[in-house]
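J.: What shape does this take:
(chains A and B)
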Amino acid sequence: MKSYKQRGYENRIELLQGTLDLMILQTLQWGPSHGYGILQAIRTGSGEVLQVETGSLYPALHRLERKKWIKAEWTVSENNQRVKSYQLTAAGKKQLAAERSNWERLTAAMAGILNPTEGAEGA
Amino acid sequence: MKFWRQRKDEELNAEIRHHLDEAIRDRIARGETPEQARLNAQREFGNVGLVKEVTREMWGWTQLERSLQDLRFGVRLLFKHKSFTLIAVLSLALGIGATTAIFSLLDALLWKTLPVNQPEQLVSVNGLGFAYPDAVYRELREKNSVFAGMFTFHALEVTMSDGQQAEPVLGELVSGDFYTVLGVAPHLGRVFNKADDQTPGAHFVTVLSYDFWQRRFGADPQIIGKQIKINNHSFTIVGVSARDFRHVEIGSAPAVRVPMMMKREMLDYIDTTPVMARLKEGVSLAQAQAATETLYQNILAPFGANVPPANRRPIRLVAAETGVARGAANLRNQYSQSLLLLLALVGAVLLIACLNVANLLLARAATRQKEIAVRLAVGAGRFRLVRQLLTEGFVLAALGGALGLLFARWGTVVLLGFLPPKATLEIEPDGRMLAFTSGVTVLTGLLFGLAPAMQATRFDLIPALKNDAVGTATIVRRWELRRLLVVLQVALSLVLLVGGGLFARSLRNLRAVNHGYSSDQIVTMEIAPDRSGYTAEQQQNFYAQLHERVAALPGVQAATYLGMLPLNGSEGFEGKIEIPGSRSSPNQKATALFYGISPQFFATFGLSLQRGRDFTMQDVKTPLKSILVNDSFARAFFGAENPLGKRVSTGSFKDMEIVGVASDAKVLNLKETMSRTVYYIQEPRHMGRQRLCVRAIGDVAALITAIRHEVRSLDPNLPLYNVKTFDRHINESISRERLIALLASFFSLFALLLAALGLYGVMAYAVARRSREISIRMALGAQAGSVLWLVLRETLWLVLIGIGIGLPAALAATKLTKGLLFGLTANDPLTMTMATMLLIGIALLAGFLPARRAARVDPLIALRHE
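T.: Residues are numbered from 1 along each chain as shown, chains lettered A, B, ... in the order given. Prediction:
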């Protein structure tokens, strides 16, 4: 029943979800930040390679908030504007550690697959 | 929840605003102009609405919230389109209401289990088709090993009095373990036990039904221990039975129950009673049947050849969880086929109503196409839209269902009015009825909501957005679907019209039947002095005095007593006729119907005496000496000979002399063929309950008052009941036929109206769609008549296709009417033709209105509009 298009959309979301979550949690490790701040941090941190869309960022933030890995606080900026700023919770820190190790295992495995000769040469 | 959502929404707005502001500030800091910065920031951010939408999804709640949103939107739309909503809701409500009403009647008649303990264990011995002598019942009860208990019961009319006012009610004789085997608890006091049913004529105790206790005694909590009179005997009220429990016999609702041992006091002189039993835990019906049959044959064995053949018939156990129905003319047999047929009929009407609403929704979807296209274009999910359109459908269905429940309550009252006067069925809105209604409602909602919803969202956006209302592929497709729906409506309504026509004509035939009586101006009423303690002699005196007084009243032409009214649907007594020295051939079926009457019967019922004389009071003293016969009898047995003075014998009655010949009249029911009838005189010592029948001159109502007065002056405590005219009695005797004819014709015409509406809608839309084409034709010189024909031709095509489907379907469907029609066959060509002509006529009318509008189009205006 599902159209090809719908399935494609789902795959993209799934791929992004884990990595984006990890990136957000990692960014917040350095201290509380708001949506725009997180976006800029990811962009500059990746050397302008990763462009996170707002349509992905905000759902992710709200989802993580619901999972209680991050919590939001309303503050007032120097321009007297209400700012929603997010920070890591204890559960979020645990999650970050777990996802980091997952990510490292994944990248190591990917590296093994993508560069099989490297390992052979090194041995 | 709404506030929670509003707050969250505001927060999300603030969050996004802040994001944009930060982005703009950054860009300005990097040297962009404020205007540039704002545009670039917005472009970078993307579609704000979409971001909000996908972010909201993360909040949870949204599923429910969306449903509520859809609901609000749906309700708002329905309010906006009032006439659309009104037509849709009313037609659905009528359909749902009618199906619910008929369902609840059928449920009470056929399917609902008795409100007793484990009703699935109840069995009836031979389905009450046969009654057993007390001795046999006792043997069966004592010696069987398969039943947890057995009981007998027998309902009959009694006169109940609280000392002030006497009234006839239904009573029931029950064996001592009736309540305990059924597992019916007392509401107040106690129910009977075995000790209450030991010695004939010794147990003056009664248990009232809950309904009767409510109605007659105003639910008096102090009722236990009080005395009431039943058939003039004082009984102590020992209990009131459980609220839901009314009967085990469908259609009867006894008000008072007394122990079986009080048979004689209840004036029941029949020594056999029907038997029911409860299966032991774990015993199957088949096991019980085999065991009971063996036991029964053992019981009969000692009697050998003395057992009459009728009693040898094997025991057959019948599951009785839904109650039992007794006799060939019982309510179940009489009404279940008609009601099932009516259920199918109103179901079809409901289907037509659904098709109609689907059609209207499709038409509306067409006008909303642009709105839907816009919403799809800005990123609304297709599923979301389908769901929303479906929700609108369900709102319609729910409104229809709710109103339908109201209609159903009213409808059941109407339906119950068509049951025979002495039958009672209690129909209260209950869980089953509610479940049925909601089931039907959901089904209808799905039926008319889904197709249009799927259809409405499946089209190319671009042409729809371009405001091009003409000629897109989607519109054509939807158009085809609408035509298909209309064709189906036409076909279905033809089937219903044929059915309605058949039943209406059948009823007309019944009404036109010549029954032989001059039936107007006859008043009949029941009276039962035996139940008020009159001895046989007192009864005779009473009846003689009453007759004398009534006959003397002004406005009375003749008066007579009858044990049984003519045309009351009972089975009657047919006897074999022997005529000493008769020349009738032996292969001719020499039987006649025997009907007991009193003097003045012929004068009262307007039958003419063709020869001889009426019975006199002298004949009453020597019953079965003289008889009268009807014309058919005289012709069948004596041909042209004068039958007066001839002798007739039947069974043990020998040599009865024919003293008169009366004109023919139907005795048992309107449907019988005119039968040979022997009138004999009722023996006064067997009188008991009688029907006083009076032929009035002038005002019938005033006469009834006068007769009541005479009865009261003879005995103020004697209830006079079932007062009605003979015409009404005849009408009641065909109540089933009236019910089915009335409902079938009403709903078939309603179906026709719906189909006409559907047709009108489709044609009106077609005309609107083709207005440019029509204008061009007219501009090029086409006459109004040819334009008219253009549209009518299309209508006619739709109708003819519908008829092509409908006629064969009708021919197949009318097979279900077998046995319900009188004086015509199920494939009656006249009815078929009339139904078809009516359909074509109405359809052309429905097509004519839009056609005329098309023909009146001013081509200049229409073309300028483009």
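
J.: can we go C-alpha only for contacts and neighbour counts from here?
T.: Will do.

J.: How many residues are close by A:Ala109?
T.: Neighbourhood size, A:Ala109 [other C-alpha atoms under 10 Å in any protein chain shown]: 12.

J.: what about B:Gln158, which helix or strand?
T.: Quick fix: residue B:158 is Val, not Gln. strand B:147-161 (DSSP states H and E).

J.: interface residues of chain A facing chain B?
T.: Residues of chain A found near chain B, taking C-alpha under 8 Å from any C-alpha of the partner chain as the criterion, are A:35-36, A:53-56, A:58-60, A:62-63, A:66, A:81-84.

J.: Tell me which entries of the residues you listed lie within strands.
T.: Among the residues of chain A next to chain B, DSSP state E puts A:Arg82, A:Val83, A:Lys84 in strands.

J.: still on that earlier bit, just checking, what packs against the strand holding B:Val158?
T.: Packed against strand B:147-161 by the contact rule (3 or more C-alpha pairs under 8 Å, 6 or more residues apart in numbering or on different chains; DSSP states H and E) you find strand B:166-174, helix B:178-182, strand B:227-230, strand B:272-273, strand B:275-279.

J.: most tightly surrounded among those?
T.: The highest mean neighbour count among the helices and strands packed on strand B:147-161, using mean count of other C-alpha atoms under 10 Å in any protein chain shown, belongs to strand B:275-279: a mean of 25.

J.: outside of that one, which residues touch it?
T.: B:121-125, B:128, B:131-132, B:137, B:146-153, B:181-182, B:285, B:288 (C-alpha atoms under 8 Å, 6 or more residues apart in numbering or on different chains).

J.: if we can go back for a sec, the strand holding B:Val158: which residues count as buried?
T.: Neighbour counts over strand B:147-161 (16 or more other C-alpha atoms under 10 Å in any protein chain shown) mark B:147-155, B:157-161 as buried.

J.: Most proximal residue of the stretch 551-700 of chain B with respect to chain A?
T.: B:Lys671 (60.5 Å; C-alpha to the nearest C-alpha).

J.: show me where the stretch 1-150 of chain B has strands.
T.: Along the stretch 1-150 of chain B, the stretches classed as strands by DSSP state E, counting those that start in this stretch are B:122-125, B:132-133, B:147-161.

J.: Distance to B:Met433 added to these, as CSV?
T.: Listed next are these as CSV, based on distance: least, C-alpha to C-alpha, whole Å:
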stretch, distance to B:Met433
strand B:122-125, 24
strand B:132-133, 38
strand B:147-161, 29
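
J.: Compare those and say which comes out lowest on pLDDT.
T.: When the strands of the stretch 1-150 of chain B are compared by mean pLDDT, strand B:132-133 comes last with a mean of 81.

J.: which stretch of helix or strand covers B:Val238?
T.: Per DSSP H and E: strand B:233-241 holds B:Val238.

J.: Pull up the pairing partners for that strand, direction included.
T.: strand B:186-189 (antiparallel), strand B:205-208 (parallel), strand B:227-230 (antiparallel) (DSSP bridges).

J.: can you list contacts of whichever helix or strand comes after that strand?
T.: Elements were assigned by DSSP H and E; along the chain past strand B:233-241, the next helix or strand is strand B:256-259. Strand B:256-259 has contacts (C-alpha under 8 Å, 6+ apart) with B:169-176, B:192, B:196-197, B:203-209, B:212.

J.: how about a cut-off of 6 Å?
T.: With contacts defined as C-alpha atoms under 6 Å, 6 or more residues apart in numbering or on different chains, strand B:256-259 is touched by B:Gly171, B:Glu172, B:Leu173, B:Val174, B:Ser175, B:Asp197, B:Thr206, B:Val207, B:Leu208.

J.: pLDDT check: weakest of these?
T.: Ranking these by pLDDT, B:Asp197 lands last with 90.

J.: In contact with that one, which residues are there?
T.: B:Gly176, B:Pro259, B:Met261.

J.: Going by neighbour count, which of the residues you listed comes out on top?
T.: Most crowded among the contacts of B:Asp197, counting by other C-alpha under 10 Å, is B:Pro259 at 30 neighbours.

J.: Tell me the bridge partners for it.
T.: B:Val174.

J.: And the helices and strands packed on strand B:147-161, which one averages the lowest pLDDT?
T.: For the helices and strands packed on strand B:147-161, the bottom mean pLDDT is recorded on strand B:272-273, which sits at a mean of 82.

J.: For that strand, name the packing helices and strands.
T.: strand B:132-133 (3 or more C-alpha pairs under 6 Å, 6 or more residues apart in numbering or on different chains; DSSP states H and E).

J.: How many residues are close by the closest residue to chain B within chain A?
T.: Nearest to chain B in chain A, going by C-alpha to the nearest C-alpha, is A:Pro59, at a distance of 4.1 Å. Using other C-alpha under 10 Å, A:Pro59 has 21 neighbouring residues.

J.: can you pull the pLDDT of the closest residue to it other than its chain neighbours?
T.: Leaving aside its chain neighbours, A:Pro59 sits nearest to B:Thr55 (4.1 Å; criterion: C-alpha to C-alpha, 6 or more residues apart in numbering or on different chains). B:Thr55 is assigned a predicted lDDT (pLDDT) of 83.

J.: Okay, now the unreliable bits of chain A?
T.: A:1-17, A:117-123 (pLDDT under 70).

J.: Tell me where it has helices.
T.: For chain A, the helices defined by DSSP state H cover A:4-28, A:35-45, A:54-66, A:90-114, A:116-122.

J.: what distance separates the fourth one from the centre of its chain?
T.: Here the centre of mass of C-alpha atoms in helix A:90-114, compared against the chain's by C-alpha atoms, centre = their mean, to the nearest Å, lies 12 Å away.

J.: That one versus helix A:54-66: what angle between them?
T.: For helix A:90-114 against helix A:54-66, the angle by axes from the mean of the first three to the mean of the last three C-alpha atoms, to 10 degrees is 130 degrees.

J.: same check, this time on the second one
T.: Our comparison of helix A:35-45 with helix A:54-66, counting by the same axes, to 10 degrees, yields an angle of 110 degrees.

J.: Just the buried residues of stretch B:26-46, please?
T.: Result for stretch B:26-46 [16+ other C-alpha under 10 Å]: buried residues B:Arg27, B:Ile28, B:Ala37, B:Arg38, B:Asn40, B:Ala41, B:Gln42, B:Phe45.

J.: Next: stretch A:96-110.
T.: For stretch A:96-110, by 16+ other C-alpha under 10 Å, it's A:Leu96, A:Glu99, A:Arg100.

J.: likewise stretch B:344-351?
T.: Buried-residue list, stretch B:344-351, by 16+ other C-alpha under 10 Å: B:Leu345, B:Val346, B:Gly347, B:Ala348, B:Val349, B:Leu350, B:Leu351.

J.: out of these, who's nearest chain A?
T.: Minimum distance to chain A across the buried residues of stretch B:344-351 is 28.8 Å, recorded for B:Leu351 (C-alpha to the nearest C-alpha).

J.: Can you name the residue of chain B nearest to chain A?
T.: Closest point on chain B to chain A, by C-alpha to the nearest C-alpha, is B:Thr55, at 4.1 Å.

J.: any idea how far that residue is from B:Ala826?
T.: For B:Thr55, the distance to B:Ala826 equals 65 Å [C-alpha to C-alpha, to the nearest Å].

J.: The two: which is more packed in?
T.: Neighbour count, other C-alpha under 10 Å: between B:Thr55 and B:Ala826, B:Ala826 has more, with 24 against 21.

J.: how would you label that one: helix, strand or coil?
T.: Under the three-state scheme (DSSP: H, G, I helix; E, B strand; the rest coil), B:Ala826 adopts coil.

J.: so how many other residues sit close to the closest residue in space to B:Thr272 that isn't next to it in sequence?
T.: Leaving aside its chain neighbours, B:Thr272 sits nearest to B:Pro133 (4.2 Å; criterion: C-alpha to C-alpha, 6+ apart). Neighbour count of B:Pro133, defined by other C-alpha under 10 Å: 14.

J.: likewise the one 5 residues further on?
T.: Close neighbours of B:Arg138, defined as other C-alpha under 10 Å, add up to 13.

J.: cool, and B:Val857?
T.: B:Val857: 17 neighbours (other C-alpha under 10 Å).

J.: tally of neighbours for residue 81?
T.: Reading this off chain A. 14.

J.: think we crossed wires, I meant chain B
T.: Around B:His81 there are 11 residues (other C-alpha under 10 Å).

J.: I am finished for the moment; much appreciated.
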